[in-house]
Structures are given as C-alpha cells and as structure tokens.
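> what follows is a protein structure lacking sequence information:
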C-alpha cells in the first residue's frame, strides 16, 4: 500500500511482511495496527493513530444493506494531512443517502462540521468501540454551529447506539441530536451542545436507555408522545436537565440520576409545562439542581403525573434560585407518593395556587426539609389530598376549598380543620 501521511511525524504503510503499520518518522518506532486497535469481527477496516493521540481514526465507515447484509465502505476524508483533521460527515451522509440499514463507525475520534440528515425510517448508526456505557470509545466531535444529527420529521425506526457526541460550545445554539420523529438511543453520551437532545411533538415512542446528557446548555428539551428514559445520567447542564414545554403525552423517567443542573443559567432537574397526558417519574436520584428537583406546570396545564419512589437530596444554593424538591402548579391530578426527602431544602412539596386534585401519600422526610408540604390556597379550585384526605376550612357543604359539587369523585374524604369533623362525598353532597 502507498504511504499515508497523517501528522507531522506519523505515516501509515505496509512493512516487509505485508502488515499495516504506523510509524513515527521522528524516532522510527513502528507498531502493527492489529496490536493497537481491536475491532469487532464484522468490521474489516484498517486505520491510524495520530502521534499526539489527538485523533484516532479509521479510513472507512461500513454501511450494511437489507437482510442480506451486503455492505459498502465509504472513505472518511482527511481534510488536512498536516493536522490529521479527519472529517466523517460526508462519508456518513453518503452512506445514509445510499439507503443503508446499519452504519458502523469503528472505534476512534471523528470530527466534522457537517449536519448529517437521517431518513424518515429504518436506520441504525452505531459505534463499534471496545468501551461503551458512559464513555464510549467512538467519539463524534461536531465542530459546526447547527445540528450534528438531524432526524426527519415523523421518522420511525431511527436507532443510535454506543457513541459519544461532543459539541462546540454549551453556551451556543448548536444541537446534538434533533429527534423530530421517533428515535431510540442506547449507551449514547451527548455533551457540550447548546441543546443536547431536542425532541418534537411528532416523536412517537422515543426511548433513551443508559444515555448520559451532561454539560450542555439544556440537556433534553421538546415534547413527545410516549417517551421513555431509562437509566443514565442528566447532569451539570447549564440550564435545566429536562425541559418539556411542548405536547408530551405519556412519559416515563425510570432510575435516572439528575444532578447539578442549572448552576450557570438556573433551572430544575426536570421541568414540565404543557404535558397533556399522564407520566411517571420513579426510582430517580435527584440532587443539587439549582431551582429545585421537579416542576410541573409553569404557564400551561400539565395533567396527571405520578412521582413515586424517588430520592431527593440537598439543593444548589444559587442566588435567586427556587428551593423545592417538587413544585406542582398549573397541574391537575398529580399523585406524589413514597418519595424520600433528605437534606437542606425549604419545601419538600410545593403546591401552587393553580394545582388541582394533588394527592400526597406516604412521603418520608429525613433531616429536612424545613416545610414538608406548602399549599397556596388563594385559588378556590385547589384540592389537595394528603394521605388520601383533604383539608377544608369549615363544613364543605357551605364553605371552604372543597365546597360545592365535586361530581365524579365519589368517596373523597375531607376534614373540617375548624373542628376535626370528617366528611365523605356521597351522592352529590358531603356527609
């Protein structure tokens, strides 16, 4: 094979035995490529390592087509041989446009300023590195100012696995992955973008498993119909960790750690404003987020969330920050139960004046907070059930927050706080 110059002192060539080697021309040391990089059996590529370890690259990406798994290799461009600046964007886009079912990016670090646009259905992009999880060894280093991976509107069957996306600047407007339609991501890390992952209201059945979203401007934003985020970490984003301000109908956040979000620009671990369907947050660890752990409803209605079995700890003492574990406002039908609240927080559960039919059950407070449940009752339609029982200032047949017909809520019980009498709603009146 011909020599390939990758850096000032680095070349790739064949030795006398026909093996591909990497040689440092400064000291004439050389290493066989097979001794340096382990690749999966189905990925047959040669590659190169920059002498200063700034860039690890393979010369091709491999695209597989259809059930027969026939494949085509697409050459990755070396933009500047003197600096070994390897641009993968055009090769990846060419493979996508050719209709590949699966595109494999071998282990290494790849750079581009090209936005790669995905098709409307049926493609998997995966790293083939030896290290997966939070720090996959296939690194996609985006240097542009737009969107690194742009999903098509109403897309289905988009899968991204085993990769790390690095952006140019967490204070800018760049987007790591724009999941306008349905997308599934597993073992993917997204960091240093203005927005890590952006979803749209057309994003049906989107799933994020063991993903890490950290050190972005905002971690995950947008909306969806049926979104599931299982495992992983959302941490150290300048603003909110999760910000759903658009149509979200059905969501699950399960065993996710939300830590240290909002320290720079303010924000909660999770913020929902306009989620129209039910959702579940369970088994999550929520700690040190600047403006509180979770907020439901800011200016638009959020309906029927369930917050159960989570652990809240401490808070970030940012000047001007709100201080609560859970804030419920502009929200109907929230069920909050069996959560643990630990540490220095002013309010465990903050129920705002526009929250209706909030239920709190079996909450446990350890070493704080200063106020377990704070209610804002100026608004007459606020109804809160603590351990299944509401509180009313007087006889609910004639006065108080629970007075008047409640219609469908047969069997609801409230206690008259003035005399301790317990009332049950039956047949259209309180008895």
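Done, it's in. Computed from a predicted structure; not experimentally measured.

> surely residue 125 and residue 159 touch.
Yes. Look at residue 125 against residue 159 with Cβ atoms under 8 Å: they come within range, at 7.2 Å. The C-beta positions use only the backbone N, C-alpha and C, and glycine is treated the same way.

> which one's more surrounded, these two?
Counted by other Cβ atoms under 10 Å, residue 125 and residue 159 do not tie: residue 125 has more neighbours, with 27 against 15.

> any idea how far residue 204 is from residue 122?
Here the criterion is Cβ to Cβ, to the nearest Å. By it, residue 122 lies 15 Å from residue 204.

> same question, residue 241
23 Å.

> same thing with residue 341?
Distance of residue 341 to residue 204, given as Cβ to Cβ: 35 Å.

> the two: which is more packed in?
residue 341 (24 against 17).

> and the more buried one, how far from residue 294?
Computed with Cβ to Cβ, the distance linking residue 341 and residue 294 is 12 Å.

> which residues does stretch 411-426 contact?
Counting contacts by Cβ atoms under 8 Å, 6 or more residues apart in numbering, the residues outside stretch 411-426 that touch it are 385, 388-397, 400, 402, 406, 409-410, 430-431.

> before we move on, what SS does residue 17 have?
For residue 17, the assignment made with DSSP: H, G, I helix; E, B strand; the rest coil gives coil.

> what about it, how many residues nearby?
Neighbouring residues of residue 17 were enumerated by other Cβ under 10 Å; the total is 7.

> and residue 162, what does it touch?
With contact set as Cβ under 8 Å, 6+ apart, residue 162 has these partners: 126, 127, 128, 129, 132, 136, 138, 186, 187, 188.

> what separates the longest helix anywhere in the chain from the chain centre, distance-wise?
With DSSP state H setting the assignment, residue counts place helix 89-97 as the longest helix in the chain. Averaging C-alpha coordinates over helix 89-97 and over its chain gives two centres that are 26 Å apart (Cα atoms, centre = their mean, to the nearest Å).

> and the next helix or strand after it, what does it pack onto?
Scanning forward in sequence from helix 89-97, with DSSP states H and E defining helices and strands, the next element found is strand 102-106. When contacts are defined as 3 or more Cβ pairs under 8 Å, 6 or more residues apart in numbering; DSSP states H and E, strand 102-106 sits against strand 60-65, helix 89-97, strand 121-128, strand 138-142.

> what is the next helix or strand after the shortest one packed up against?
Next along the chain after strand 138-142, taking DSSP H and E as the criterion, comes strand 147-150. Packing partners of strand 147-150 (3+ Cβ pairs under 8 Å, 6+ apart): strand 116-117, strand 156-166, strand 175-179.

> what's near enough to touch the closest residue to residue 173 other than its chain neighbours?
Nearest non-adjacent residue to residue 173, counting by Cβ to Cβ, 6 or more residues apart in numbering: residue 194, 4.7 Å away. By Cβ under 8 Å, 6+ apart, the residues touching residue 194 are 167, 169, 170, 171, 172, 173, 174, 175, 216, 217, 218.

> show me which of those residues are buried.
Neighbour counting over these (16 or more other Cβ atoms under 10 Å) leaves 167, 170, 174, 175, 216, 217, 218 as the buried ones.

> adding distance to residue 300 and pLDDT, write the residues you listed out as CSV.
Supplementary listing: these in CSV, determined by distance: Cβ to Cβ, whole Å; pLDDT from 0 to 100:
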residue, distance to residue 300, pLDDT
167, 29, 95
170, 27, 94
174, 27, 95
175, 23, 95
216, 24, 97
217, 22, 97
218, 18, 97
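
> now, which of these sits nearest residue 260?
Taking Cβ to Cβ as the measure, residue 260 sits nearest to residue 216 out of the buried ones among the contacts of residue 194, at 12.7 Å.

> need the pLDDT of the residue nearest to that closest one when sequence neighbours are not counted.
The shortest distance from residue 216 to any residue that is not its chain neighbour, by Cβ to Cβ, 6+ apart, is 3.9 Å, and that residue is residue 196. pLDDT, residue 196: 97.

> helix or strand with the lowest mean pLDDT in this structure?
Using mean pLDDT, DSSP states H and E, the weakest-scoring helix or strand in the chain turns out to be strand 48-49, at a mean of 30.

> circling back: just give me the lowest mean pLDDT stretch among the helices and strands packed on strand 102-106.
Comparing mean pLDDT across those, the lowest value falls on strand 60-65: a mean of 77.

> contacting residues around it?
Counting by Cβ under 8 Å, 6+ apart, 43-45, 70-76, 88, 91-92, 95, 98-106 sit against strand 60-65.

> pull out the buried members of these.
Using 16+ other Cβ under 10 Å, the buried members of these are 43, 45, 71, 74, 76, 88, 91-92, 95, 100, 102-106.

> closest to residue 209 among the residues you listed?
Using Cβ to Cβ as the measure, the one of the buried ones among the contacts of strand 60-65 that approaches residue 209 most closely is residue 102, at 18.0 Å.

> could you tell me how far stretch 204-222 lies from the centre of the chain?
2 Å.

> in that stretch, what counts as buried?
204, 206-222.

> quick one: which of those residues sit in strands?
204, 206-209, 212-214, 218-222 (DSSP state E).

> any idea how far the closest residue to residue 159 other than its chain neighbours is from residue 167?
Taking Cβ to Cβ, 6+ apart as the measure, residue 159 lies nearest to residue 124, with 4.1 Å between them; neighbours along the chain are not counted. Taking Cβ to Cβ as the criterion, residue 124 is separated from residue 167 by 22 Å.

> re the thing from before, just the buried ones from the contacts of stretch 411-426, in PyMOL syntax?
In PyMOL, this line selects whichever of the contacts of stretch 411-426 come out buried by 16+ other Cβ under 10 Å:
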select buried, resi 385+390+391+392+394+395+396+400+402+406+430
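
> of the contacts of stretch 411-426, which belong to strands?
Assignment to strands by DSSP E places the following of the contacts of stretch 411-426 there: 385, 389, 390, 391, 392, 430.

> around residue 359, count how many other residues there are.
Using other Cβ under 10 Å, residue 359 has 18 neighbouring residues.

> OK, contacts around it?
If you count contacts by Cβ under 8 Å, 6+ apart, then residue 359 has 334, 335, 336, 337, 384, 385, 386, 388 around it.

> is it true that the second one touches residue 309?
No. Here residue 335 lies out of contact with residue 309, judged by Cβ under 8 Å, at a distance of 11.8 Å.
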